[in-house]
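# coordinates for the following, if possible.
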Amino acid sequence: MAMVTRVRLSRKQLIKEPDQFLTASDKVLGFCRNNRTLVASAAAGLIVLLGALWVYRYNQQVQVVRMESLLFEMKQKLQEDFDKSPEQAIADLNERVEKIAPGRQKQRAKLILADAYYRSRQFEKSGQIYSEVAGATGTGDLYHGLAQLGLAYSHEAGRNFKKAIDLLKSIVEQNASLPLFPIYLDLVRCYELDNDPKNALLVLREMKSKFPGNQDMSKVDRWIEKLEGRA
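Down below sits the predicted model:
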């Protein structure tokens, strides 16, 4: 019997012990009652902060849509209006580039503008813009590779073949996110234009081992036959 009594008394003691969760809740409620102004201010501040974050995200989405719309207009301008009036088309493209906020979309817009200058045979200006994009993007970035390739074409068109060759070799060595087979062909063409058939042949033979089974390999074979007599 004594043992049973001790067990019952210990249970009563346990029942009388305060519930930790209820005690914590009471403390929180008590703090809120005693500091109504502070709690209300904190809640209002949180609501304002959440509202500001929502407005910021909404504005960002609107900005992205607006910039994409400008880029679409630039592509249309280049495709539809350039042949009619290259000077006016370039002026319109410049105006739209200025409206685009700094970032990835700005770099895309500059690539479109540089292409327009290249088409109008203003190779120095196109090269300048391609250089700006290459300098603003990192190695391995698609826009960096496209800008380097555009700059190489600008140098080639301006008959500065050695600079074009250096850029094309750089793209090949970096293994940029661009299809390399046509870039190798660009490199061969620049070597040939620079009266360097030996290096042109070296690149073509490298292509034979690097791109086995490529559907355009017959073009490489014909080019090798053409240059072997000159090397």
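# where along the chain do the helices fall?
Secondary structure of the chain (DSSP state H): helices at 2-16, 20-34, 36-76, 86-99, 104-119, 123-136, 142-157, 161-174, 180-193, 197-210, 217-228.
# where among those helices is the average confidence lowest?
Across the helices of the chain, helix 2-16 has the smallest mean pLDDT, namely a mean of 47.
# give the buried residues for stretch 189-201.
The neighbour-count check on stretch 189-201 (16 or more other C-beta atoms under 10 Å) flags 189, 190, 191, 192, 194, 196, 197, 199, 200, 201 as buried. Using the backbone N, CA and C atoms, a C-beta is placed for each residue, glycine as well.
# a markdown table please, covering these and showing distance to residue 101.
Listed next are those as a markdown table, based on distance: C-beta to C-beta, whole Å:
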| residue | distance to residue 101 |
| --- | --- |
| 189 | 38 |
| 190 | 36 |
| 191 | 41 |
| 192 | 43 |
| 194 | 41 |
| 196 | 44 |
| 197 | 48 |
| 199 | 44 |
| 200 | 44 |
| 201 | 48 |
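# quick check: of those, which lies closest to residue 170?
Nearest to residue 170, judged by C-beta to C-beta, of the buried residues of stretch 189-201 is residue 190 at 12.8 Å.
# okay, residue 158 and residue 179: tell me how far apart.
Distance of residue 158 to residue 179, computed by C-beta to C-beta, to the nearest Å: 24 Å.
# so between those two, which is more surrounded?
When neighbours are counted by other C-beta atoms under 10 Å, residue 158 and residue 179 differ, and residue 158 comes out ahead with 15 against 8.
# that one contacts residue 127, doesn't it?
Yes. Assessed by C-beta atoms under 8 Å, residue 158 is found in contact with residue 127 at 7.5 Å.
# returning to that earlier point: and which of the buried residues of stretch 189-201 is nearest residue 114?
For the buried residues of stretch 189-201, the nearest to residue 114 is residue 190 (19.2 Å; C-beta to C-beta).
# for residue 207, see how far away residue 151 is.
Using C-beta to C-beta, one gets 23 Å for the distance from residue 151 to residue 207.
# typo on my end, residue 93
Distance, residue 93 to residue 207, using C-beta to C-beta: 36 Å.
# quick check: residue 134 touching residue 149?
No. Residue 134 is not in contact with residue 149 according to C-beta under 8 Å; the separation is 9.6 Å.
# tally of neighbours for residue 204?
Number of residues near residue 204 (other C-beta under 10 Å) recorded here: 24.
# which residue is the nearest non-sequential neighbour of it?
residue 224 (5.0 Å; C-beta to C-beta, 6 or more residues apart in numbering).
# so the one you found is in contact with residue 205, correct?
Yes. Contact criterion C-beta under 8 Å: residue 224 and residue 205 qualify, at 7.1 Å.
# neighbour count winner among those two?
Higher neighbour count among residue 224 and residue 205: residue 224, with 17 against 12, using other C-beta under 10 Å.
# how close does the more buried one get to residue 194?
Counting by C-beta to C-beta, the separation of residue 224 from residue 194 is 18 Å.
# over to residue 143?
Residue 143 is 28 Å from residue 194, by C-beta to C-beta.
# so who does residue 164 touch?
152, 153, 155, 156, 190 (C-beta atoms under 8 Å, 6 or more residues apart in numbering).
# ok, now which ones touch the fourth one?
If a contact means C-beta under 8 Å, 6+ apart, then residue 156 has 164, 186, 189, 190, 193 as its contacts.
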